[in-house]
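Chemist: Sequence first, predicted coordinates after that:
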Amino acid sequence: MRRRDARGFTMIELVVALGIVVILLAILIPRYVALVRHTLATQAMADLFAVRAAGYICYAEAGSWPAECSAGVIPKELVQYLPKAFTFQTREYRLDWENWRRPDGSARSPRTGILIGVSVVSKDTGFLRDVQNVIANASFRRISKRKATLEILGISGRL
């Protein structure tokens, strides 16, 4: 019987070792991606609630809601009530302050039943689903494929 060289690995040993590594990666990478998405969804939820709180404070002090702004832009009325360096635009999503009230008080968007709200806008529909799962609140609903809104004031007038 011939003794093999103790300095190297056989091809079978290398294939088995690589196979184990590939199987572990196939299990761990999707879990890591899901964890990162859940973390981002939780951050988006915190951002939505911070903007909602700032909107309530603004309304309490000024007697009116901030004006409508485009997605990613902080309404100037909210700036003083938000944390320093707070942003409405991240790599994964943008926030959008929604004010669907006309000057006469009527709704511009009776389809949704929301007059005042804050939305999260993302191209990633899975991310919006994750945000919806994290919030799990009836006042947070999907408006379109790319947008979900947290209601602050509805047509009923209830805060």
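Modeler: Looks like it arrived, so ask away.
Chemist: I'd assumed residue 120 was in contact with residue 146.
Modeler: No: the pair residue 146 and residue 120 does not pass the contact test of Cβ atoms under 8 Å, sitting 9.5 Å apart. C-beta: built from backbone N, CA, C; applies to glycine.
Chemist: so how many other residues sit close to the nearest residue to residue 139 once chain neighbours are set aside?
Modeler: Of all residues not flanking residue 139 in the chain, residue 151 sits nearest, at 4.3 Å (Cβ to Cβ, 6 or more residues apart in numbering). Residues contacting residue 151 under the criterion other Cβ atoms under 10 Å number 22.
Chemist: what about residue 146 and residue 120, which has more around it?
Modeler: residue 120 (28 against 17).
Chemist: still on that earlier bit, now the residue nearest to residue 139: which helix or strand?
Modeler: strand 147-154 (DSSP states H and E).
Chemist: Ok, residue 129 next?
Modeler: Per DSSP H and E: helix 125-135 holds residue 129.
Chemist: chain center to that helix: distance?
Modeler: The chain centroid and the centroid of helix 125-135 are separated by 7 Å under Cα atoms, centre = their mean, to the nearest Å.
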